[in-house]
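Asks: with the input below, show me the fold.
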Amino acid sequence: MRFATMLTLMLITTVALLRPPTRAVAMQSIEVQAAPTIIYVVRHAEKAADDPDPRDPGLSALGLARRETLRRALADVPLRAVYATEYRRTRETVQPLAEGRGLAVTVAPARDAAGLAKTILESHRGETVLVAGHSNTVPAILRALGAAEAPALAESDYDDLFIATVSSEGSASLVRLHYGPPDDAGAATDLIASAGAMLDDFHDAAAKADEDRYFAHFHPRGLFLGTDASERWTLEEFKAFAMPYFERETAWTYEPRQRCVDVSEDGQWAWFDEALVNVKYGRCRGTGTLRRVAGQWRIVQYHLTMPIPNDLAVETANRIAEHEKSEP
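Replies: Down below sits the predicted model:
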């Protein structure tokens, strides 16, 4: 009996050791979320106002500076693809950034925002992508990606950096940031610089008796007002007057010393005044109006004057009056 009892106890103990724990263990179901697709969208940087090809201009000096700011701003972003439209200004905006990552710039037609969004969401799911567009295509791209509240862009807007985040389920969120100098100030600065460069070339052409280059800076309806009261010439009249001067090595030389330029809000008109020095006439002043035609500044009116010190104004006025009396 004792043996049987001991055997029974051993069997019970063994079974107890082999039995699974009575404590319930809950199995936790962990759902792994797929990474979202992140798309950085920018408009191209400032375009050159005086590009030889106004239909497809490259970047201006300000635009080149802005693209460098963009490159630095996205230096730590793990981009896997870079897209731009078929136009120079978008490709030039992202080219250095793409090359620094060993990426090619993929050209996407500007008019196919829906097609671009579809390609990104299908081919780059869970990746980070950069897109460069235009003021009228950036909002369309963002909407195609699912950002229904994408804001409209003005022609002067260059400093926007949009970040669209699209979840694996397709919902999208949008963040709007800014980079580089304020776009409105930058655009005006660039236009002022290009107007000044045109006026410098205008004076240089006269100093070198380059007739074609000089008169090419005038608007077809341009006017030139000279220092004499009778000198109000249309472009053709001014050409006739100036022809003998341009047959010399130097037509005339007016060296710019100081200049002020203002640009209209739409960037199509500018007005200026500049201090000039001429060997024969001393200190002079040029004032006028410019108009942008096909992306280049043209002189609508140029007025050359000789400022008179206030202390000499009466004496000068009297001498002019006496001179006019002697005229036939």
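
Asks: only C-alpha atoms from now on, for both contacts and neighbour counts.
Replies: Will do.

Asks: which ones are touching residue 178?
Replies: Contact analysis of residue 178 by C-alpha atoms under 8 Å, 6 or more residues apart in numbering lists 159-161.

Asks: hang on, residue 69 packs against residue 159?
Replies: No: between residue 69 and residue 159 there is no contact under C-alpha atoms under 8 Å: 10.2 Å.

Asks: where do the helices sit along the stretch 101-250 of the chain?
Replies: 113-123, 138-144, 183-207, 211-216, 235-242 (DSSP state H, counting those that start in this stretch).

Asks: what's the closest of the ones you listed to residue 86?
Replies: Comparing the helices of the stretch 101-250 of the chain against residue 86 with C-alpha to C-alpha, the closest turns out to be helix 113-123 (12.8 Å).

Asks: what's the weakest-modelled helix or strand in the chain?
Replies: Counting by mean pLDDT, DSSP states H and E, the chain has its least confident helix or strand at helix 2-18, which shows a mean of 37.

Asks: beyond that one, next helix or strand please.
Replies: Using DSSP states H and E, the helix or strand that follows helix 2-18 in sequence is strand 37-43.

Asks: can you tell me what sits against that next one?
Replies: For strand 37-43, contacts defined as C-alpha under 8 Å, 6+ apart pick out 90, 121, 124-135, 138, 142, 158-168.

Asks: buried residues in the very next helix or strand once past it?
Replies: Scanning forward in sequence from strand 37-43 by DSSP H and E, the next helix or strand is helix 61-73. Using 16 or more other C-alpha atoms under 10 Å as the test for burial, helix 61-73 gives 62-68, 70-71.

Asks: dump helix 61-73 to PDB, keeping only the CA atoms.
Replies: Output of helix 61-73 as PDB, limited to C-alpha atoms (Å, rounded to 0.1, in the frame of the first residue of the first chain):
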ATOM      1  CA  ALA A  61      20.800  85.600 -60.400                       C
ATOM      2  CA  LEU A  62      18.200  85.800 -57.600                       C
ATOM      3  CA  GLY A  63      16.800  82.400 -58.700                       C
ATOM      4  CA  LEU A  64      20.200  80.800 -58.700                       C
ATOM      5  CA  ALA A  65      20.700  82.000 -55.100                       C
ATOM      6  CA  ARG A  66      17.200  80.700 -54.100                       C
ATOM      7  CA  ARG A  67      17.900  77.200 -55.500                       C
ATOM      8  CA  GLU A  68      21.100  77.100 -53.400                       C
ATOM      9  CA  THR A  69      18.900  77.900 -50.400                       C
ATOM     10  CA  LEU A  70      16.600  75.100 -51.300                       C
ATOM     11  CA  ARG A  71      19.500  72.700 -51.700                       C
ATOM     12  CA  ARG A  72      20.600  73.500 -48.200                       C
ATOM     13  CA  ALA A  73      17.100  73.400 -46.700                       C
END
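
Asks: so who does residue 139 touch?
Replies: By C-alpha under 8 Å, 6+ apart, the residues touching residue 139 are 150-153.

Asks: how close does the residue lying closest to residue 89 once chain neighbours are set aside sit to residue 312?
Replies: Leaving aside its chain neighbours, residue 89 sits nearest to residue 58 (4.8 Å; criterion: C-alpha to C-alpha, 6 or more residues apart in numbering). For residue 58, the distance to residue 312 equals 51 Å [C-alpha to C-alpha, to the nearest Å].

Asks: ditto for residue 71
Replies: Computed as C-alpha to C-alpha, the residue 71 to residue 312 distance reads 58 Å.

Asks: then residue 318?
Replies: Relative to residue 312, residue 318 is positioned 10 Å away (criterion: C-alpha to C-alpha).

Asks: then residue 154?
Replies: For residue 154 relative to residue 312 (C-alpha to C-alpha), the value is 51 Å.

Asks: next, give phi and psi for the closest residue to residue 73 other than its chain neighbours.
Replies: When the adjacent residues along the chain are set aside, residue 73 lies closest to residue 179, with 7.7 Å between them (C-alpha to C-alpha, 6+ apart). When read as degrees, to the nearest 10, the backbone of residue 179 gives phi -140, psi 160.

Asks: show me what contacts residue 179?
Replies: Contacts of residue 179 by C-alpha under 8 Å, 6+ apart are 69-70, 73, 159-161.

Asks: residue 116 contacts residue 110, correct?
Replies: No: the pair residue 116 / residue 110 is not scored as a contact, 9.0 Å apart, by C-alpha under 8 Å.

Asks: per-residue pLDDT of residue 292, please?
Replies: Listed pLDDT for residue 292 reads 89.

Asks: that one belongs to a strand, doesn't it?
Replies: Yes: judged by DSSP: H, G, I helix; E, B strand; the rest coil, residue 292 forms part of a strand.

Asks: now for it: which residues touch it?
Replies: 267-269, 298.

Asks: next, check these against the strands and list the overlap.
Replies: Per DSSP state E, strands hold the following members of those: 269, 298.

Asks: would you convert the contacts of residue 292 into JSON lines that also reports neighbour count, distance to residue 278 and pLDDT?
Replies: Shown next, in JSON lines, are the contacts of residue 292 (neighbours: other C-alpha atoms under 10 Å; distance: C-alpha to C-alpha, whole Å; pLDDT from 0 to 100):
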{"residue": "267", "neighbour count": "18", "distance to residue 278": "31", "pLDDT": "79"}
{"residue": "268", "neighbour count": "15", "distance to residue 278": "31", "pLDDT": "85"}
{"residue": "269", "neighbour count": "18", "distance to residue 278": "28", "pLDDT": "92"}
{"residue": "298", "neighbour count": "25", "distance to residue 278": "23", "pLDDT": "96"}
